[in-house]
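Trainee: From the sequence below, what's the structure:
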Amino acid sequence: MTFKVAVAQIDIALGDPDRNYQTVTQAVKDAAKAGADVVVFPEMWNTGYALTELARLADQDGWRTKQTLSRAAKENQIAIVGGSVATVRAGGQFYNTTYVYDENGNLVASYDKVHLFGLMHEDEFIQ
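Mentor: Residues are numbered from 1 along each chain as shown. As a prediction, the model looks like this:
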C-alpha cells in the first residue's frame, strides 16, 4: 500500500488571516488533485508570527480553522494535518494549536504546542 503526503509550502501573509485561509483552501484542492492522501501545513499559517497582534488576529476557540479544515477535508476527500494556528480561548489566553482531520472531515486530534520557541518570543505571548 502506498501513501502520498503533500507538504504545503505556502506563502503566509503576515497578519492577514483572510488571505491565509483562502491560500490553505486552495492548497488542499491542489494536493488532492495531485493524488495526495494527506496534506501537511506549516506552523502559525493563519496569522504568521504576528504575535503582537494576536488579540486582533487569533482564531476564537479555533472555530474558523476547524470549519475551514473540516470542510476542505470532506470536499476533497483528503486528510489534513493543520500545521498550527494562533487561537484564543476564554480568558484571552493565546495558543499555538494543531488540528488533524481525516478525509471525511472529522477532527481526529488536536494539540497545543508546549515547547515554545524563546528566540521567537513565543513564550511571551503564547500559553
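Trainee: Follow the chain on from the longest strand that the chain contains and name the next helix or strand.
Mentor: Looking across the chain with DSSP state E, the single longest strand is strand 93-101. Downstream of strand 93-101, the first helix or strand assigned by DSSP states H and E is strand 107-112.
Trainee: how far is that following strand from where the chain is centred?
Mentor: 11 Å (CA atoms, centre = their mean, to the nearest Å).
Trainee: quick one: contacts of the following helix or strand past that strand?
Mentor: Next helix or strand after strand 107-112 toward the C-terminus (DSSP H and E): helix 122-125. Contact with helix 122-125 is made by 51-52, 54, 94, 96, 113, 116-117, as judged by CB atoms under 8 Å, 6 or more residues apart in numbering. All C-beta atoms are positioned from the backbone trio N, CA, C, and that covers glycine.
Trainee: what about helix 122-125, distance to the chain center?
Mentor: 19 Å.
Trainee: and if you look at stretch 37-50?
Mentor: With CA atoms, centre = their mean as the basis, the mean position of stretch 37-50 lies at 4 Å from the chain mean.
Trainee: How about stretch 94-106?
Mentor: 7 Å.
Trainee: Could you verify my assumption that residue 110 touches residue 98?
Mentor: Yes - counting by CB atoms under 8 Å, residue 110 sits close enough to residue 98 to count as a contact (6.4 Å).
Trainee: Which one of these two is surrounded by more residues?
Mentor: residue 98 (19 against 14; other CB atoms under 10 Å).
Trainee: Isn't the more buried one up against residue 83?
Mentor: Yes - counting by CB under 8 Å, residue 98 touches residue 83, with 6.7 Å between them.
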